[in-house]
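Novice: Everything below, folded, please.
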Amino acid sequence: MPNIKVFSGTSHPDLAQRIVDRLGIDLGKVVTKKFSNLETCVEIGESVRGEDVYIVQSGSGEINDNLMELLIMINACKIASASRVTAVIPCFPYARQDKKDKSGDEKLTELMKKSNEWKFREYVPDMYTGFFDIPVDNLYAEPAVLKWIKENISEWRNSIIVSPDAGGAKRVTSIADRLNVEFALIHKERKKANEVASMVLVGDVKDRVAILVDDMADTCGTICHAAEKLLEAGATKVYAILTHGIFSGPAISRINNACFEAVVVTNTIPQDGHMKDCPKIQCIDVSMMFAEAVRRTHNGESVSYLFSNVPY
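Specialist: Predicted coordinates for the structure are as follows:
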């Protein structure tokens with residue numbers, strides 16, 4: 001693949017390496033360090049003049065530092081006369097702050113989208129792409145999730161897809177329709193962030209395998225309460241499939257003590273440490289989707305194939 005360079009930020013170098021391995025190219029040379037006052041310094045170690053540049057940086061870990069690192073890398077490549085700069089963002093930073101619940105709240109997702117530095121093309125998985133005034137390709141985890149369900153849950157034809165909140169209804173109906181099974185949802189009320197006050201199950205899960213599907217899990221209080229609710233309602237087994245497994249605070253201990261058969265996440269966020277601490281966590285590799293999106297964009301091909309298919 002001529003005239004293409006892929007660089008990795010420090011948030012998820014393993015995913016970046018998997019992407020270039022599938023593309024058959026080497027990862028670009030970049031040095032990232034911090035000064036004594038903790039300012040970020042980025043040095044691009046090779047020429048990008050006239051090149052089609054892709055920067056892989058996920059919104060995980062030290063989010064603010066990683067975001068600043070990404071912006072500095074973008075600027076460095078633009079100054080060095082790259083022909084195009086594309087940000088590959090497996091997990092979009094501040095994605096969970098996408099609603100204005102009361103006066104004074106800031107919709108930080110919209111703020112991120114309107115930032116003056118977003119003058120590049122990007123891949124944002126499972127994120128609403130309105131408000132962007134630049135080209136955006138929103139990659140979905142759904143094809144990989146469907147493939148995992150069919151290959152790993154033998155009773156999937158007797159399953160029911162469940163959303164742990166009303167906001168995920170569209171997501172679960174799409175998956176349920178493609179599997180030709182029914183769906184249910186759980187209505188929840190929160191006292192405050194990361195704390196659920198009550199849950200009401202809408203749908204019949206009795207004698208079925210319940211598959212909870214959500215876009216992300218942070219402290220995992222919601223999905224663990226939801227799993228208990230599903231077993232109380234007669235579900236035979238409970239799985240959880242989550243696009244982004246953040247797993248902060250008490251998340252791992254909660255999952256270890258919960259009734260899940262498995263908690264499945266993608267590797268948009270590094271998961272090796274989580275999987276070591278919790279044997280219930282399994283990981284779907286989505287590097288092939290990002291690699292194919294990069295290849296298709298570089299060659300001027302349509303990316304829409306990836307909305308419903310997993311590349312091989």
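
Novice: most distant residue from the middle of this protein?
Specialist: Going by Cα atoms, centre = their mean, the residue of the chain most distant from its centre is Ser36, 32.4 Å out.

Novice: distance of it from Arg157?
Specialist: 60 Å (Cβ to Cβ, to the nearest Å). Every C-beta, even on glycine, is put in place using the N, C-alpha and C of the backbone.

Novice: just Val238 next, same as before
Specialist: 17 Å.

Novice: For those two, indicate the residue with more neighbours.
Specialist: Val238 (24 against 11; other Cβ atoms under 10 Å).

Novice: Tell me which helix or strand comes right after the helix or strand harbouring that one.
Specialist: Assigned by DSSP states H and E, Val238 falls within strand 237-245. Per DSSP H and E, the first helix or strand lying C-terminal to strand 237-245 is helix 251-257.

Novice: any idea which helix or strand comes after that next one?
Specialist: strand 262-266.

Novice: roughly how far out does that next one sit from the chain middle?
Specialist: Taking the mean of its C-alpha atoms, strand 262-266 sits 12 Å from the chain's own mean (Cα atoms, centre = their mean, to the nearest Å).

Novice: Return the set of residues that bridge with Val200.
Specialist: His187 (DSSP bridges).

Novice: That one contacts His187, correct?
Specialist: Yes: Val200 lies in contact with His187 (Cβ atoms under 8 Å); the separation is 4.6 Å.

Novice: Which of those two has more residues huddled nearby?
Specialist: His187 (13 against 10).

Novice: contacting residues for the more buried one?
Specialist: Contact analysis of His187 by Cβ atoms under 8 Å, 6 or more residues apart in numbering lists Asp165, Ala166, Met199, Val200, Val202.

Novice: could you pull out the helices for this protein?
Specialist: 13-23, 63-79, 108-113, 142-152, 169-179, 221-232, 251-257, 272-277, 287-298 (DSSP state H).

Novice: just so I know, which of the ones you listed lies nearest Ala87?
Specialist: For Ala87, the closest of the helices of the chain is helix 63-79, at 6.4 Å, according to Cβ to Cβ.

Novice: Let me see the mean pLDDT of the closest one.
Specialist: Mean pLDDT, computed over helix 63-79, is 91.

Novice: What is the distance between it and the centre of its chain?
Specialist: Worked out by Cα atoms, centre = their mean, helix 63-79 lies 20 Å from the chain centre.

Novice: Tell me the helices and strands packed up against it.
Specialist: Helices and strands touching helix 63-79, by 3 or more Cβ pairs under 8 Å, 6 or more residues apart in numbering; DSSP states H and E, are strand 40-44, strand 52-56, strand 84-88.

Novice: Please identify the deepest-packed of those.
Specialist: strand 52-56 (a mean of 26; mean count of other Cβ atoms under 10 Å).

Novice: In the sheet, which strands lie alongside that one, parallel or antiparallel?
Specialist: strand 4-8 (parallel), strand 84-88 (parallel).

Novice: mean pLDDT lowest for which of those?
Specialist: strand 84-88 (a mean of 92).

Novice: Keeping just the C-alphas, turn it into PDB.
Specialist: Taking Å, rounded to 0.1, in the frame of the first residue of the first chain, the C-alpha atoms of strand 84-88 are listed here in PDB:
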ATOM      1  CA  ARG A  84      -4.600  13.800   4.600                       C
ATOM      2  CA  VAL A  85      -4.800  13.000   8.300                       C
ATOM      3  CA  THR A  86      -7.400  10.400   9.600                       C
ATOM      4  CA  ALA A  87      -8.000   9.800  13.300                       C
ATOM      5  CA  VAL A  88      -8.900   6.200  14.100                       C
END
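
Novice: So what angle separates the directions of that strand and helix 287-298?
Specialist: Relative orientation of strand 84-88 versus helix 287-298 (axes from the mean of the first three to the mean of the last three Cα atoms, to 10 degrees): 160 degrees.

Novice: May I have the residues that are in contact with the closest residue to His244 other than its chain neighbours?
Specialist: Distances taken as Cβ to Cβ, 6 or more residues apart in numbering place Met216 nearest to His244, at 3.9 Å, with adjacent residues excluded. Met216 sits next to Cys91, Ala95, Arg96, Leu242, Thr243, His244, Gly245, Ile246 when contact means Cβ under 8 Å, 6+ apart.

Novice: And Met216, how far from Ser36?
Specialist: Counting by Cβ to Cβ - Met216 and Ser36 are separated by 35 Å.

Novice: how near is Ser198 to Glu142?
Specialist: The value you get for Ser198 to Glu142, if Cβ to Cβ is used, is 29 Å.

Novice: okay, Lys102: pLDDT?
Specialist: Per the predicted model, pLDDT is 48 at Lys102.
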